[in-house]
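Student: Next one to model:
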Amino acid sequence: MKIYLYGKIMHVNTNYLILDHNGEGELIYVPNISRFEKDQVKKIFISNVTNEYTNTTYGFDCFKEMVIFEDLIALQGLGPKTAIAILNLGWENVLNYIATEDCNSLMKVSYVSQRIANNIIYNYKEKYQKFLSKLSEDEISKFKNKISESNAQSQFEETMKMLGFKSQQIKYALENMKLTENIEECVENAIKIIGSKANEARI
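Tutor: Below you'll find the predicted structure:
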């Protein structure tokens, strides 16, 4: 059983990438696609979902993210696409929402009803609470920082989309700026970066 693939990212789309692994192209669906860049050489943790209709590979930035995905799809009525949509919240956020019984935050995801959110919490609350309880103070600090960064990025991306910017433009801005908790300032910087690129294209 393969746990991860290591190779060069040849193509990045809106929700999947193509990885060159030992000379073979692997099409992999991933959450938070903005974390992955074309020509990046990277280890991607994988989970294969096979049924009578399809054989699909899902990829993850770290082992913990993959474990949460597999926990989610083990629940009746929760498929891989919904699990990926949940993980778009950031795996640290998802783990924290479940451990703290934050049903409302999980329900912000499309197709996640109150019944599904309650079922997720019921099945994994204790498991994720134990995970958090074993973290050292330094690890807890890093974990909280990751949550803060993830929330800032989500808020930034939502604001940019509301302003009419496309996913590729937002991704380009994120690659060329430092994201902070001052979302208004970040949006202003992003607009300048995107505008500068558009002007270069006209020259």
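
Student: Name the single longest helix found in this structure.
Tutor: Counting residues, the longest helix in the chain under DSSP state H turns out to be helix 137-162.

Student: and that one, what does it pack onto?
Tutor: Using 3 or more C-beta pairs under 8 Å, 6 or more residues apart in numbering; DSSP states H and E as the contact criterion, the elements in contact with helix 137-162 are helix 91-99, helix 167-175, helix 183-202. For every residue, glycine as well, the C-beta is placed using N, CA and C.

Student: which of the ones you listed is buried the deepest?
Tutor: helix 91-99 (a mean of 23; mean count of other C-beta atoms under 10 Å).

Student: Just checking the distance from the helix or strand following it to the centre of its chain.
Tutor: Heading C-terminal from helix 91-99, the first helix or strand you meet, by DSSP states H and E, is helix 103-106. For helix 103-106, the distance from its own C-alpha centre to the chain's C-alpha centre is 17 Å (C-alpha atoms, centre = their mean, to the nearest Å).

Student: Could you give me the buried positions within helix 103-106?
Tutor: In terms of neighbour count (16 or more other C-beta atoms under 10 Å), helix 103-106 has its buried residues at 103, 105-106.

Student: now do stretch 116-132
Tutor: By neighbour count, and taking 16+ other C-beta under 10 Å as the criterion, the buried residues in stretch 116-132 are 116-117, 119-121, 124, 128.

Student: Please enumerate residues in contact with it?
Tutor: 71-72, 75, 77-78, 82, 95-96, 98-99, 101, 103, 106-107, 140, 143 (C-beta atoms under 8 Å, 6 or more residues apart in numbering).

Student: and the residue positioned nearest the centre of the chain, how far is that from residue 197?
Tutor: For the chain, the residue lying nearest the average C-alpha position, counting by C-alpha atoms, centre = their mean, turns out to be residue 32 (3.0 Å). Taking C-beta to C-beta, to the nearest Å as the criterion, residue 32 is separated from residue 197 by 22 Å.

Student: same question, residue 177
Tutor: Distance, residue 177 to residue 197, using C-beta to C-beta: 12 Å.

Student: swap in residue 30?
Tutor: Residue 30 sits 25 Å away from residue 197, going by C-beta to C-beta.

Student: And for residue 73?
Tutor: When C-beta to C-beta is applied, the distance between residue 73 and residue 197 equals 38 Å.

Student: Spatially, what comes nearest to residue 99 if we skip its sequence neighbours?
Tutor: In space, residue 99 comes closest to residue 128 once its chain neighbours are excluded; the distance is 4.1 Å by C-beta to C-beta, 6 or more residues apart in numbering.

Student: And for residue 157?
Tutor: By the measure of C-beta to C-beta, 6+ apart, the closest residue to residue 157 outside its immediate chain neighbours is residue 170, 5.7 Å from it.

Student: Which pLDDT value belongs to the one you found?
Tutor: If you check residue 170, the pLDDT there is 89.

Student: mind listing what it touches?
Tutor: With contacts taken as C-beta under 8 Å, 6+ apart, residue 170 has the following neighbours: 34, 156-157, 160-161, 190.

Student: same deal with residue 71?
Tutor: By C-beta under 8 Å, 6+ apart, the residues touching residue 71 are 123-124, 127.

Student: ok but it is inside a helix, no?
Tutor: Yes - when classified by DSSP: H, G, I helix; E, B strand; the rest coil, residue 71 is found to be part of a helix.
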